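S.K.: mind looking at a prediction? Sequence and model below.
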Amino acid sequence: IHIYNEAFENRKPFSMEYRLRHVSGEYRWILDKGIPNYNIGGDFIGYIGHCLDITEQKNIEQEIKKSKEKAEESDRLKTAFLANMSHEIRTPMNGILGFAELLKEPNLSGEEQFEYIKIIEKSGARMLNIINDIIDISKIESGLIKVNINESNINSQIDYVYKFFKPEVERKGLKLIRSNSVPDEEIIVKTDREKLFAILTNLVKNAIKYSEHGSIEFGYEKKDQYLEFFVKDCGIGIRKERLNAIFERFVQEDISDLKARQGVGLGLAIAKSYVEMLGGKIWAESEIGIGSTFYFTIPFDKGEDNQLIHWKRSIKNQKGHAANLKILIVEDDEISEHLITKGVKIFGKEILKAQTGDQAIEICRNNNDIDLILMDIQLPILGGYDAVRKIRMFNNEVVIIAQTAYGLVGDREKAIKAGCNDYLSKPIDRSELHSLIKKHCGKKVRVSHRSMN
Ligand code: ADP
(Lines give C-alpha, C1' and ligand atoms only; values in the text may rest on other atoms or scores of the structure.)
Protein backbone atom coordinates (compact mmCIF):
# COMPACT_ATOMS: atom_id res chain seq x y z
CA ILE A 1 0.00 0.00 0.00
CA HIS A 2 2.79 2.32 0.95
CA ILE A 3 4.55 1.77 -2.37
CA TYR A 4 1.30 2.25 -4.27
CA ASN A 5 0.60 5.51 -2.47
CA GLU A 6 4.02 6.88 -2.94
CA ALA A 7 4.07 6.03 -6.64
CA PHE A 8 0.60 7.44 -7.03
CA GLU A 9 1.38 10.72 -5.34
CA ASN A 10 4.51 11.25 -7.39
CA ARG A 11 3.06 9.83 -10.58
CA LYS A 12 5.87 7.36 -10.79
CA PRO A 13 6.06 3.81 -12.06
CA PHE A 14 6.09 1.08 -9.44
CA SER A 15 7.21 -2.48 -9.30
CA MET A 16 6.88 -4.83 -6.37
CA GLU A 17 6.70 -8.39 -5.34
CA TYR A 18 4.40 -9.79 -2.70
CA ARG A 19 2.72 -12.96 -1.63
CA LEU A 20 -0.97 -13.72 -1.82
CA ARG A 21 -2.78 -16.57 -0.27
CA HIS A 22 -4.50 -18.67 -2.83
CA VAL A 23 -7.91 -20.20 -1.97
CA SER A 24 -6.16 -23.54 -1.81
CA GLY A 25 -4.23 -22.19 1.18
CA GLU A 26 -1.02 -22.06 -0.76
CA TYR A 27 0.98 -18.82 -1.01
CA ARG A 28 1.76 -17.48 -4.47
CA TRP A 29 4.35 -14.84 -5.33
CA ILE A 30 3.07 -11.95 -7.46
CA LEU A 31 5.04 -9.47 -9.51
CA ASP A 32 2.99 -6.28 -9.76
CA LYS A 33 4.13 -3.54 -12.12
CA GLY A 34 2.48 -0.37 -13.24
CA ILE A 35 3.20 2.91 -15.00
CA PRO A 36 1.15 6.12 -14.86
CA ASN A 37 -1.26 6.55 -17.73
CA TYR A 38 -2.20 9.92 -19.22
CA ASN A 39 -4.92 10.87 -21.72
CA ILE A 40 -4.26 12.80 -24.89
CA GLY A 41 -4.68 16.04 -23.03
CA GLY A 42 -1.91 15.05 -20.67
CA ASP A 43 -4.12 14.45 -17.63
CA PHE A 44 -3.25 11.64 -15.29
CA ILE A 45 -5.96 9.02 -15.49
CA GLY A 46 -4.52 6.17 -13.50
CA TYR A 47 -2.07 3.33 -13.89
CA ILE A 48 -1.71 0.57 -16.39
CA GLY A 49 0.25 -2.50 -15.56
CA HIS A 50 0.10 -6.19 -14.90
CA CYS A 51 0.23 -8.80 -12.19
CA LEU A 52 2.27 -11.91 -12.83
CA ASP A 53 2.42 -15.13 -10.85
CA ILE A 54 6.17 -15.58 -10.34
CA THR A 55 6.04 -18.33 -7.72
CA GLU A 56 8.06 -20.82 -9.74
CA GLN A 57 10.72 -18.28 -10.56
CA LYS A 58 10.88 -17.21 -6.92
CA ASN A 59 11.37 -20.77 -5.75
CA ILE A 60 14.16 -21.33 -8.21
CA GLU A 61 15.83 -18.08 -7.17
CA GLN A 62 15.73 -19.14 -3.54
CA GLU A 63 17.15 -22.53 -4.39
CA ILE A 64 19.97 -20.91 -6.29
CA LYS A 65 20.70 -18.50 -3.48
CA LYS A 66 20.85 -21.30 -0.96
CA SER A 67 23.12 -23.47 -3.02
CA LYS A 68 25.32 -20.51 -3.80
CA GLU A 69 25.81 -19.83 -0.10
CA LYS A 70 26.51 -23.47 0.48
CA ALA A 71 29.00 -23.60 -2.35
CA GLU A 72 30.80 -20.53 -1.07
CA GLU A 73 31.07 -21.98 2.40
CA SER A 74 32.41 -25.28 1.20
CA ASP A 75 34.72 -23.45 -1.16
CA ARG A 76 36.24 -21.67 1.77
CA LEU A 77 36.73 -24.91 3.66
CA LYS A 78 38.09 -26.63 0.60
CA THR A 79 40.68 -23.94 -0.01
CA ALA A 80 41.93 -24.20 3.54
CA PHE A 81 42.09 -27.95 3.28
CA LEU A 82 43.87 -28.01 -0.02
CA ALA A 83 46.49 -25.50 0.96
CA ASN A 84 47.41 -27.42 4.05
CA MET A 85 47.13 -30.85 2.65
CA SER A 86 49.00 -30.38 -0.54
CA HIS A 87 52.42 -30.71 0.99
CA GLU A 88 51.58 -33.73 3.10
CA ILE A 89 50.07 -35.60 0.20
CA ARG A 90 52.81 -34.70 -2.22
CA THR A 91 55.50 -36.04 0.02
CA PRO A 92 54.38 -39.68 0.11
CA MET A 93 53.23 -39.47 -3.51
CA ASN A 94 56.69 -38.34 -4.39
CA GLY A 95 58.06 -41.39 -2.64
CA ILE A 96 55.65 -43.75 -4.37
CA LEU A 97 56.07 -42.40 -7.89
CA GLY A 98 59.77 -41.72 -7.55
CA PHE A 99 60.65 -45.18 -6.36
CA ALA A 100 58.25 -46.88 -8.73
CA GLU A 101 60.15 -45.13 -11.49
CA LEU A 102 63.45 -46.30 -10.06
CA LEU A 103 62.16 -49.86 -9.94
CA LYS A 104 61.88 -49.84 -13.70
CA GLU A 105 65.62 -49.57 -14.09
CA PRO A 106 67.27 -52.72 -15.34
CA ASN A 107 70.03 -54.45 -13.39
CA LEU A 108 68.74 -53.59 -9.94
CA SER A 109 69.97 -55.93 -7.26
CA GLY A 110 67.40 -57.88 -5.27
CA GLU A 111 68.32 -55.81 -2.25
CA GLU A 112 67.72 -52.54 -4.04
CA GLN A 113 64.37 -53.74 -5.31
CA PHE A 114 63.38 -54.78 -1.83
CA GLU A 115 64.43 -51.43 -0.42
CA TYR A 116 62.43 -49.50 -3.03
CA ILE A 117 59.36 -51.61 -2.49
CA LYS A 118 59.61 -51.03 1.24
CA ILE A 119 59.69 -47.27 0.67
CA ILE A 120 56.68 -47.48 -1.60
CA GLU A 121 54.83 -49.48 1.01
CA LYS A 122 55.69 -47.05 3.75
CA SER A 123 54.66 -44.06 1.67
CA GLY A 124 51.38 -45.81 0.86
CA ALA A 125 50.70 -46.41 4.54
CA ARG A 126 51.46 -42.79 5.33
CA MET A 127 49.11 -41.70 2.59
CA LEU A 128 46.37 -43.89 4.02
CA ASN A 129 46.80 -42.30 7.45
CA ILE A 130 46.43 -38.87 5.98
CA ILE A 131 43.35 -39.87 4.06
CA ASN A 132 41.74 -41.35 7.16
CA ASP A 133 42.41 -38.18 9.12
CA ILE A 134 41.01 -36.00 6.37
CA ILE A 135 37.88 -38.09 6.17
CA ASP A 136 37.40 -37.93 9.92
CA ILE A 137 37.86 -34.19 10.18
CA SER A 138 35.60 -33.56 7.19
CA LYS A 139 32.92 -35.66 8.78
CA ILE A 140 33.31 -33.77 12.05
CA GLU A 141 33.11 -30.41 10.32
CA SER A 142 30.07 -31.26 8.31
CA GLY A 143 28.34 -32.47 11.46
CA LEU A 144 28.03 -36.00 10.15
CA ILE A 145 29.46 -37.64 13.23
CA LYS A 146 26.97 -38.86 15.76
CA VAL A 147 27.67 -39.88 19.30
CA ASN A 148 26.84 -43.47 19.89
CA ILE A 149 26.44 -44.14 23.59
CA ASN A 150 26.81 -47.67 24.80
CA GLU A 151 28.10 -49.43 27.84
CA SER A 152 31.79 -49.73 27.60
CA ASN A 153 34.31 -51.55 29.69
CA ILE A 154 37.07 -49.01 30.13
CA ASN A 155 39.68 -51.44 31.35
CA SER A 156 39.27 -53.64 28.34
CA GLN A 157 39.61 -50.60 26.10
CA ILE A 158 42.86 -49.73 27.83
CA ASP A 159 44.00 -53.32 27.44
CA TYR A 160 43.13 -53.29 23.79
CA VAL A 161 45.06 -50.11 23.11
CA TYR A 162 47.96 -51.55 25.09
CA LYS A 163 48.07 -54.77 23.08
CA PHE A 164 47.63 -52.86 19.85
CA PHE A 165 50.61 -50.54 20.35
CA LYS A 166 52.98 -52.72 22.36
CA PRO A 167 54.82 -54.20 19.36
CA GLU A 168 55.29 -50.82 17.70
CA VAL A 169 56.50 -49.22 20.92
CA GLU A 170 58.97 -52.02 21.54
CA ARG A 171 60.26 -51.88 17.99
CA LYS A 172 61.19 -48.28 18.67
CA GLY A 173 63.01 -49.31 21.84
CA LEU A 174 60.48 -47.67 24.14
CA LYS A 175 58.41 -49.11 26.93
CA LEU A 176 54.62 -49.07 27.13
CA ILE A 177 52.99 -49.05 30.55
CA ARG A 178 49.29 -49.10 31.29
CA SER A 179 47.69 -48.29 34.58
CA ASN A 180 44.08 -48.94 35.43
CA SER A 181 43.10 -47.35 38.67
CA VAL A 182 39.58 -48.65 39.02
CA PRO A 183 39.02 -52.36 39.62
CA ASP A 184 37.25 -54.42 37.03
CA GLU A 185 33.75 -54.35 38.45
CA GLU A 186 33.31 -50.62 38.45
CA ILE A 187 34.42 -49.50 35.07
CA ILE A 188 31.40 -50.00 32.89
CA VAL A 189 30.71 -46.51 31.65
CA LYS A 190 28.12 -45.20 29.26
CA THR A 191 30.10 -43.54 26.54
CA ASP A 192 30.95 -43.78 22.87
CA ARG A 193 33.37 -46.65 22.77
CA GLU A 194 34.72 -46.02 19.30
CA LYS A 195 35.39 -42.35 19.92
CA LEU A 196 37.12 -43.11 23.18
CA PHE A 197 39.26 -45.61 21.32
CA ALA A 198 40.08 -43.08 18.62
CA ILE A 199 41.09 -40.46 21.20
CA LEU A 200 43.36 -42.82 23.09
CA THR A 201 44.85 -44.13 19.87
CA ASN A 202 45.66 -40.65 18.61
CA LEU A 203 47.38 -39.67 21.85
CA VAL A 204 49.39 -42.87 22.14
CA LYS A 205 50.38 -42.63 18.47
CA ASN A 206 51.69 -39.12 19.05
CA ALA A 207 53.55 -40.19 22.18
CA ILE A 208 55.33 -42.83 20.11
CA LYS A 209 55.95 -40.46 17.24
CA TYR A 210 57.45 -37.72 19.37
CA SER A 211 59.58 -39.88 21.70
CA GLU A 212 63.00 -41.31 21.15
CA HIS A 213 63.55 -43.02 24.49
CA GLY A 214 61.99 -43.80 27.83
CA SER A 215 58.51 -45.02 28.53
CA ILE A 216 55.00 -44.15 27.51
CA GLU A 217 52.49 -44.54 30.26
CA PHE A 218 48.75 -44.30 29.90
CA GLY A 219 45.68 -45.00 31.93
CA TYR A 220 43.01 -43.18 33.85
CA GLU A 221 41.85 -42.11 37.25
CA LYS A 222 38.41 -41.67 38.64
CA LYS A 223 37.72 -38.16 39.87
CA ASP A 224 34.38 -36.91 41.21
CA GLN A 225 31.96 -37.24 38.33
CA TYR A 226 34.38 -38.05 35.58
CA LEU A 227 37.24 -40.23 34.46
CA GLU A 228 40.52 -38.47 33.76
CA PHE A 229 42.71 -40.21 31.22
CA PHE A 230 46.36 -39.48 30.66
CA VAL A 231 49.04 -40.36 28.14
CA LYS A 232 52.53 -39.50 29.32
CA ASP A 233 55.74 -39.64 27.33
CA CYS A 234 59.41 -38.79 27.76
CA GLY A 235 59.57 -37.25 24.32
CA ILE A 236 60.72 -34.02 22.75
CA GLY A 237 58.14 -31.88 24.53
CA ILE A 238 56.10 -28.88 23.42
CA ARG A 239 56.73 -25.22 24.15
CA LYS A 240 54.32 -23.65 26.66
CA GLU A 241 53.02 -21.07 24.21
CA ARG A 242 52.04 -23.83 21.77
CA LEU A 243 50.15 -25.99 24.23
CA ASN A 244 46.75 -24.68 23.20
CA ALA A 245 47.40 -24.17 19.52
CA ILE A 246 48.34 -27.78 18.83
CA PHE A 247 44.71 -28.79 19.27
CA GLU A 248 43.69 -26.69 16.31
CA ARG A 249 43.37 -28.10 12.83
CA PHE A 250 46.58 -28.32 10.86
CA VAL A 251 48.64 -26.78 13.64
CA GLN A 252 51.97 -28.35 14.42
CA GLU A 253 54.86 -27.44 16.65
CA ASP A 254 57.79 -26.01 14.70
CA ILE A 255 60.30 -28.74 14.81
CA SER A 256 63.50 -28.77 12.85
CA ASP A 257 63.62 -32.53 12.58
CA LEU A 258 60.46 -32.78 10.51
CA LYS A 259 61.70 -35.73 8.54
CA ALA A 260 61.00 -38.26 11.22
CA ARG A 261 57.65 -36.88 12.24
CA GLN A 262 55.06 -36.89 9.59
CA GLY A 263 51.48 -35.89 9.93
CA VAL A 264 49.08 -33.23 8.86
CA GLY A 265 48.33 -31.85 12.27
CA LEU A 266 44.83 -33.27 12.43
CA GLY A 267 45.17 -35.95 15.09
CA LEU A 268 44.74 -33.68 18.07
CA ALA A 269 41.97 -31.69 16.42
CA ILE A 270 40.06 -34.92 15.87
CA ALA A 271 40.75 -36.03 19.43
CA LYS A 272 39.57 -32.67 20.76
CA SER A 273 36.32 -32.78 18.81
CA TYR A 274 35.61 -36.30 20.01
CA VAL A 275 36.37 -35.44 23.64
CA GLU A 276 34.00 -32.49 23.45
CA MET A 277 31.30 -34.58 21.83
CA LEU A 278 31.55 -36.94 24.79
CA GLY A 279 31.22 -34.03 27.21
CA GLY A 280 34.82 -33.77 28.35
CA LYS A 281 37.91 -31.59 28.10
CA ILE A 282 41.38 -32.14 26.71
CA TRP A 283 44.66 -30.41 27.56
CA ALA A 284 48.37 -30.98 27.76
CA GLU A 285 51.31 -30.27 30.02
CA SER A 286 54.81 -30.42 28.71
CA GLU A 287 58.42 -29.51 29.15
CA ILE A 288 60.86 -29.29 26.29
CA GLY A 289 63.27 -32.17 26.34
CA ILE A 290 61.55 -33.85 29.29
CA GLY A 291 58.24 -35.00 27.88
CA SER A 292 54.54 -34.31 27.58
CA THR A 293 51.41 -35.50 29.28
CA PHE A 294 48.08 -35.28 27.53
CA TYR A 295 44.94 -35.39 29.64
CA PHE A 296 41.29 -35.70 28.80
CA THR A 297 38.13 -36.31 30.74
CA ILE A 298 34.85 -38.02 30.03
CA PRO A 299 31.81 -38.00 32.31
CA PHE A 300 31.66 -41.05 34.55
CA ASP A 301 28.17 -42.09 33.63
CA LYS A 302 27.37 -45.50 34.90
CA GLY A 303 23.86 -45.21 33.57
CA GLU A 304 20.76 -46.54 35.25
CA ASP A 305 21.62 -50.10 34.53
CA ASN A 306 23.80 -51.10 37.42
CA GLN A 307 22.56 -54.64 37.17
CA LEU A 308 25.30 -55.22 34.67
CA ILE A 309 27.88 -54.68 37.32
CA HIS A 310 26.09 -56.84 39.86
CA TRP A 311 25.73 -59.52 37.34
CA LYS A 312 29.43 -59.44 36.53
CA ARG A 313 30.19 -59.75 40.20
CA SER A 314 27.98 -62.75 40.60
CA ILE A 315 29.63 -64.44 37.66
CA LYS A 316 32.93 -63.93 39.34
CA ASN A 317 31.75 -65.06 42.73
CA GLN A 318 29.81 -68.13 41.82
CA LYS A 319 30.84 -71.30 40.19
CA GLY A 320 27.50 -72.13 38.61
CA HIS A 321 26.11 -70.12 35.70
CA ALA A 322 22.96 -69.61 33.78
CA ALA A 323 23.66 -72.12 31.06
CA ASN A 324 20.31 -72.00 29.35
CA LEU A 325 20.85 -70.30 26.02
CA LYS A 326 20.76 -72.00 22.67
CA ILE A 327 23.64 -70.41 20.83
CA LEU A 328 24.74 -70.49 17.21
CA ILE A 329 28.38 -69.67 16.48
CA VAL A 330 29.09 -68.67 12.89
CA GLU A 331 32.82 -68.61 12.26
CA ASP A 332 34.96 -69.97 9.47
CA ASP A 333 38.26 -69.72 11.26
CA GLU A 334 38.83 -72.73 13.46
CA ILE A 335 40.91 -71.01 16.12
CA SER A 336 38.47 -68.12 16.47
CA GLU A 337 35.62 -70.58 16.67
CA HIS A 338 37.42 -72.43 19.46
CA LEU A 339 37.96 -69.25 21.39
CA ILE A 340 34.43 -68.05 21.14
CA THR A 341 33.01 -71.45 22.02
CA LYS A 342 35.02 -71.34 25.20
CA GLY A 343 33.90 -67.77 25.80
CA VAL A 344 30.17 -68.58 25.71
CA LYS A 345 30.28 -72.01 27.25
CA ILE A 346 29.00 -70.84 30.61
CA PHE A 347 25.77 -69.62 28.99
CA GLY A 348 25.12 -72.39 26.53
CA LYS A 349 22.72 -75.23 27.08
CA GLU A 350 23.26 -76.08 23.44
CA ILE A 351 25.86 -74.71 21.07
CA LEU A 352 25.45 -75.02 17.29
CA LYS A 353 28.10 -74.17 14.76
CA ALA A 354 28.21 -72.95 11.19
CA GLN A 355 31.13 -72.12 8.94
CA THR A 356 29.33 -70.15 6.25
CA GLY A 357 26.54 -67.63 5.98
CA ASP A 358 24.36 -70.09 4.10
CA GLN A 359 24.78 -72.76 6.74
CA ALA A 360 23.89 -70.21 9.39
CA ILE A 361 20.64 -69.32 7.61
CA GLU A 362 19.80 -72.99 7.18
CA ILE A 363 20.39 -73.77 10.85
CA CYS A 364 18.26 -70.78 11.85
CA ARG A 365 15.41 -71.95 9.66
CA ASN A 366 15.48 -75.36 11.32
CA ASN A 367 15.87 -74.05 14.86
CA ASN A 368 13.55 -71.21 15.62
CA ASP A 369 14.40 -71.45 19.32
CA ILE A 370 17.95 -70.16 19.00
CA ASP A 371 18.51 -67.39 21.56
CA LEU A 372 21.78 -65.96 20.41
CA ILE A 373 23.88 -65.87 17.24
CA LEU A 374 27.52 -64.85 17.30
CA MET A 375 28.15 -63.91 13.71
CA ASP A 376 31.55 -63.45 12.17
CA ILE A 377 31.35 -60.75 9.52
CA GLN A 378 34.24 -61.77 7.29
CA LEU A 379 32.74 -64.96 5.94
CA PRO A 380 33.51 -66.36 2.52
CA ILE A 381 30.87 -66.21 -0.25
CA LEU A 382 27.86 -64.89 1.63
CA GLY A 383 29.20 -62.24 4.03
CA GLY A 384 28.05 -62.01 7.63
CA TYR A 385 25.97 -58.88 7.15
CA ASP A 386 24.11 -60.45 4.22
CA ALA A 387 23.46 -63.55 6.30
CA VAL A 388 22.08 -61.37 9.10
CA ARG A 389 19.80 -59.52 6.69
CA LYS A 390 18.42 -62.83 5.45
CA ILE A 391 17.92 -64.23 8.93
CA ARG A 392 16.10 -61.06 9.93
CA MET A 393 13.58 -61.70 7.15
CA PHE A 394 12.16 -64.59 9.11
CA ASN A 395 13.44 -64.16 12.64
CA ASN A 396 13.31 -60.86 14.48
CA GLU A 397 13.60 -62.33 17.94
CA VAL A 398 17.01 -63.92 18.00
CA VAL A 399 19.81 -61.80 19.45
CA ILE A 400 22.64 -61.36 16.95
CA ILE A 401 26.07 -60.11 17.95
CA ALA A 402 28.49 -59.44 15.13
CA GLN A 403 32.24 -59.81 15.40
CA THR A 404 34.56 -57.98 13.09
CA ALA A 405 38.30 -57.86 12.78
CA TYR A 406 38.34 -54.37 11.33
CA GLY A 407 37.77 -52.39 14.51
CA LEU A 408 36.83 -49.34 12.50
CA VAL A 409 34.79 -46.39 13.52
CA GLY A 410 31.41 -47.05 11.93
CA ASP A 411 31.54 -50.83 12.26
CA ARG A 412 28.97 -50.69 14.96
CA GLU A 413 26.53 -48.65 12.92
CA LYS A 414 26.98 -51.00 10.00
CA ALA A 415 26.28 -54.02 12.17
CA ILE A 416 23.17 -52.44 13.68
CA LYS A 417 21.95 -51.40 10.26
CA ALA A 418 22.28 -54.94 8.97
CA GLY A 419 20.05 -56.10 11.83
CA CYS A 420 22.53 -57.08 14.54
CA ASN A 421 21.80 -56.17 18.14
CA ASP A 422 25.38 -55.34 18.89
CA TYR A 423 28.95 -55.83 17.79
CA LEU A 424 32.31 -56.88 19.15
CA SER A 425 35.65 -56.28 17.56
CA LYS A 426 38.29 -58.95 17.45
CA PRO A 427 40.30 -59.91 19.37
CA ILE A 428 37.23 -60.75 21.41
CA ASP A 429 37.42 -59.57 24.96
CA ARG A 430 35.78 -62.16 27.13
CA SER A 431 34.34 -59.82 29.73
CA GLU A 432 32.95 -57.60 27.00
CA LEU A 433 31.38 -60.64 25.37
CA HIS A 434 29.81 -61.58 28.69
CA SER A 435 28.51 -58.07 29.24
CA LEU A 436 26.88 -58.06 25.83
CA ILE A 437 25.25 -61.44 26.31
CA LYS A 438 23.88 -60.29 29.61
CA LYS A 439 22.72 -57.04 28.12
CA HIS A 440 20.78 -58.63 25.29
CA CYS A 441 19.78 -62.00 26.73
CA GLY A 442 19.57 -60.53 30.21
CA LYS A 443 16.10 -61.75 31.09
CA LYS A 444 16.86 -65.37 30.45
CA VAL A 445 20.17 -65.27 32.20
CA ARG A 446 18.80 -63.42 35.21
CA VAL A 447 15.75 -65.64 35.67
CA SER A 448 17.82 -68.74 35.85
CA HIS A 449 20.28 -66.93 37.98
CA ARG A 450 17.72 -66.32 40.65
CA SER A 451 16.56 -69.87 40.51
CA MET A 452 20.10 -70.98 41.10
CA ASN A 453 20.55 -68.91 44.23
P1 ADP B 1 50.48 -34.39 13.72
O2 ADP B 1 51.09 -35.29 14.75
O3 ADP B 1 49.88 -35.11 12.58
O4 ADP B 1 51.37 -33.29 13.31
P5 ADP B 1 48.58 -33.68 15.79
O6 ADP B 1 47.35 -32.86 15.71
O7 ADP B 1 48.46 -35.05 16.30
O8 ADP B 1 49.23 -33.66 14.37
O9 ADP B 1 49.62 -32.89 16.68
C10 ADP B 1 49.84 -31.53 16.47
C11 ADP B 1 51.24 -31.15 16.92
O12 ADP B 1 51.36 -31.25 18.33
C13 ADP B 1 52.30 -32.05 16.37
O14 ADP B 1 52.72 -31.65 15.10
C15 ADP B 1 53.41 -31.91 17.40
O16 ADP B 1 54.18 -30.78 17.12
C17 ADP B 1 52.67 -31.66 18.69
N18 ADP B 1 52.56 -32.88 19.51
C19 ADP B 1 51.50 -33.69 19.62
N20 ADP B 1 51.71 -34.69 20.49
C21 ADP B 1 52.97 -34.53 20.96
C22 ADP B 1 53.79 -35.24 21.90
N23 ADP B 1 53.35 -36.33 22.54
N24 ADP B 1 55.02 -34.76 22.12
C25 ADP B 1 55.47 -33.64 21.50
N26 ADP B 1 54.75 -32.93 20.61
C27 ADP B 1 53.51 -33.36 20.33
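M.R.: Arrived safely.

S.K.: and Gly235, what pLDDT?
M.R.: pLDDT for Gly235: 92.

S.K.: what about it, how many neighbours?
M.R.: The tally of other residues near Gly235 (other C-beta atoms under 10 Å) stands at 22. In this view, the C-beta of every residue, glycine as well, is placed from N, C-alpha and C.

S.K.: the spatially closest residue to it that is not a sequence neighbour: helix or strand, and which one exactly?
M.R.: Spatial nearest neighbour of Gly235, excluding adjacent residues (C-beta to C-beta, 6 or more residues apart in numbering): Ser211 at 3.5 Å. Using DSSP states H and E, Ser211 falls within no helix or strand.

S.K.: swap in the one 5 residues further on?
M.R.: For Ile216, the host element (DSSP H and E) is strand 215-223.

S.K.: quickly run through the sheet partners of that strand, with directions.
M.R.: Sheet neighbours of strand 215-223, with direction, are listed as strand 175-180 (parallel), strand 226-232 (antiparallel) (DSSP bridges).

S.K.: I'd like the average pLDDT over the last one.
M.R.: Here the mean pLDDT over strand 226-232 is 94, rounded to a whole number.

S.K.: in that strand, what's buried?
M.R.: The neighbour-count check on strand 226-232 (16 or more other C-beta atoms under 10 Å) flags Tyr226, Leu227, Glu228, Phe229, Phe230, Val231, Lys232 as buried.

S.K.: what does the shortest one give?
M.R.: Judged by neighbour count using 16+ other C-beta under 10 Å, the buried positions of strand 175-180 are Leu176, Arg178, Asn180.

S.K.: which of the residues you listed come close to the ligand?
M.R.: Counting by C-beta under 6 Å from any ligand atom, nothing from the buried residues of strand 175-180 sits close to the ligand.

S.K.: quick one: which of those is nearest to the ligand?
M.R.: The closest of those to the ligand turns out to be Leu176 (C-beta to the nearest ligand atom; 13.7 Å).

S.K.: didn't the residue nearest to Gly235 look like it was pressed against Lys232?
M.R.: No. When contacts are counted by C-beta atoms under 8 Å, Ser211 is not listed as touching Lys232 (10.2 Å).

S.K.: overlap in contacts of the two?
M.R.: Gly291 (C-beta atoms under 8 Å, 6 or more residues apart in numbering).

S.K.: the residue nearest to Met277 when sequence neighbours are not counted sits in which helix or strand?
M.R.: Residue nearest to Met277 in three dimensions, not counting chain neighbours: Val147, with 5.1 Å by C-beta to C-beta, 6+ apart. For Val147, there is no enclosing helix or strand under DSSP H and E.

S.K.: spell out which residues of the stretch 201-350 of the chain are next to the ligand.
M.R.: Checking the stretch 201-350 of the chain against the ligand by C-beta under 6 Å from any ligand atom, the hits are 206-207, 210, 233, 235-238, 246, 252-253, 263-269, 292.

S.K.: just these: which are in helices?
M.R.: Asn206, Ala207, Gly267, Leu268, Ala269 (DSSP state H).

S.K.: what about the fourth one, neighbour count?
M.R.: So that's Leu268. Around Leu268 there are 23 residues (other C-beta under 10 Å).

S.K.: my guess is it contacts Ala245, does it?
M.R.: No. The criterion here is C-beta under 8 Å, and Leu268 misses it with Ala245 at 9.8 Å.

S.K.: for Pro13, find the nearest of the strands paired with strand 215-223.
M.R.: Pro13 lies closest, by C-beta to C-beta, to one member of these: strand 226-232, at 68.4 Å.

S.K.: next up, the contacts around Leu339.
M.R.: Ile428.

S.K.: hang on, Gly49 is in a strand, isn't it?
M.R.: Yes. Residue state for Gly49 (DSSP: H, G, I helix; E, B strand; the rest coil) corresponds to a strand.

S.K.: mind checking which helix or strand of this protein has the lowest mean pLDDT?
M.R.: helix 307-317 (a mean of 38; mean pLDDT, DSSP states H and E).

S.K.: give me the below-cutoff pLDDT ranges for the stretch 151-300 of the chain.
M.R.: By pLDDT under 70, the low-scoring segments of the stretch 151-300 of the chain are 181, 183-186, 250-263.

S.K.: give the buried residues for stretch 90-100.
M.R.: Neighbour counts over stretch 90-100 (16+ other C-beta under 10 Å) mark Thr91, Pro92, Gly95, Ile96, Phe99 as buried.

S.K.: can you map out the helices along this protein?
M.R.: 2-10, 55-103, 110-141, 154-171, 193-209, 267-277, 307-317, 334-344, 357-366, 384-394, 411-418, 430-440, 442-452.
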